[in-house]
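In: Have a look at this prediction, sequence included:
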Amino acid sequence: MYKTRMPSLRSSSVVRISQHYTPGPKASVGLASILRAGWVEASPRRGIRRDTCPGDDVLYCLSGRGQVETAGKTYSVKAGQLIWIDGSQPHGHLSDGEDPWSVMWFRLACRDATGFRSRAMGEGQLRIEVSQASDLIGWFQHVFDIMASREIDTDLHLHSAVARFLQLISSENAPTGGSSLPPSLLRLTEAIRAAPHLPWSEQEMVQSAQISASQIRRLFQQHMASTPRNFLRQERITMAQSIMLESTAPLYEIAQTCGFFDAYHLSRDFRRFVGRSPKEWREMEIGV
């Protein structure tokens, strides 16, 4: 967490903040943390290029322009845009020659970087417009303060900060007011939750959502990182769990009640989503 300058920018760029954090042995209990964070006012055509790095870099452009290469694509980035760089692949970024950018950035280390990217940005999205700039800048300033403090519980504060960042960025992809889901997807998910035991053919989903099947699949992937069928299975399992705890009904009856073909299909999906068999889960939860 010592203030240092980035080597590739040392000669003429202004490094306003550069913080480091080295997680200790106990810090690994968290899902994600921040290894580095900073604020750089780059000189014209200054940047870096790497094969890989230990984590994903997330850049927010305060002013000016720049260019980012990540995941095999090149993106132009301007003021008010945030871009998520996949650190597991070759990548780089370069400030504009005429209007060099000022960027706040941080490096995220986590167990499932792909999942984090999809959850925050949307499936396949690496660059977004940020409408709540003051909230995001305030978040960066909070992270800088955490890393500068070097408190004994820095790791816990950084875990919390990552969660807040995901919340901030995912809200940028949500409609203003009400549910964060588009109305068509909201109609369908509420209908499925109300009656997960029904067959829910593709045509029935189309009638409920009032959009095409391909649009339904796209919206599920974009907003829920799932498929319609997986969402239906998950709701059926949730229904089965409630029945398993509230009754002594045998598994084959529960399977039929919840819309599964038979007890085998319930057990198969239950283990895939929950990580245990229905019998093991039931005994664990009721303390048998």
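Out: That came through, no problem.

In: what sits up against the strand or helix carrying D135?
Out: Using DSSP states H and E, D135 sits within helix 133-149. When contacts are defined by C-beta atoms under 8 Å, 6 or more residues apart in numbering, helix 133-149 is touched by residues 1, 17, 19-21, 34, 37, 39, 60, 62, 80, 82, 104, 106, 130, 154, 157-158, 161, 164-165, 168. (Glycine included, C-beta is placed from N, CA and C.)

In: swap the cut-off to 7 Å and go again
Out: 1, 17, 19, 21, 34, 37, 60, 80, 104, 106, 130, 154, 157-158, 161, 164-165, 168 (C-beta atoms under 7 Å, 6 or more residues apart in numbering).

In: how about the strands of the stretch 51-200 of the chain, start to end?
Out: 56-63, 65-70, 73-78, 81-85, 91-95, 102-110, 127-129 (DSSP state E, counting those that start in this stretch).

In: The last one pairs with which strands?
Out: To tie it back to what came earlier, the one meant is strand 127-129. Strand 127-129 has its sheet partners listed here by DSSP bridges as strand 81-85 (antiparallel).

In: just the third one next, same as before
Out: Taking DSSP bridges as the criterion, strand 73-78 pairs within the sheet with strand 65-70 (antiparallel).

In: Excluding chain neighbours, what is closest to R111?
Out: L31 (6.3 Å; C-beta to C-beta, 6 or more residues apart in numbering).

In: for the one you found, what are its contacts?
Out: So L31 contacts C110, R111, H159 (C-beta under 7 Å, 6+ apart).

In: and the least confident of those?
Out: Lowest in pLDDT among the contacts of L31 is R111, which has 81.

In: what about it, how many residues close to it?
Out: For R111, the neighbour count with other C-beta atoms under 10 Å is 10.

In: Could you do A32 as well?
Out: With other C-beta under 10 Å as criterion, A32 counts 20.

In: per-residue pLDDT, it?
Out: Listed pLDDT for A32 reads 82.

In: now swap in Y2 and tell me
Out: pLDDT, Y2: 30.
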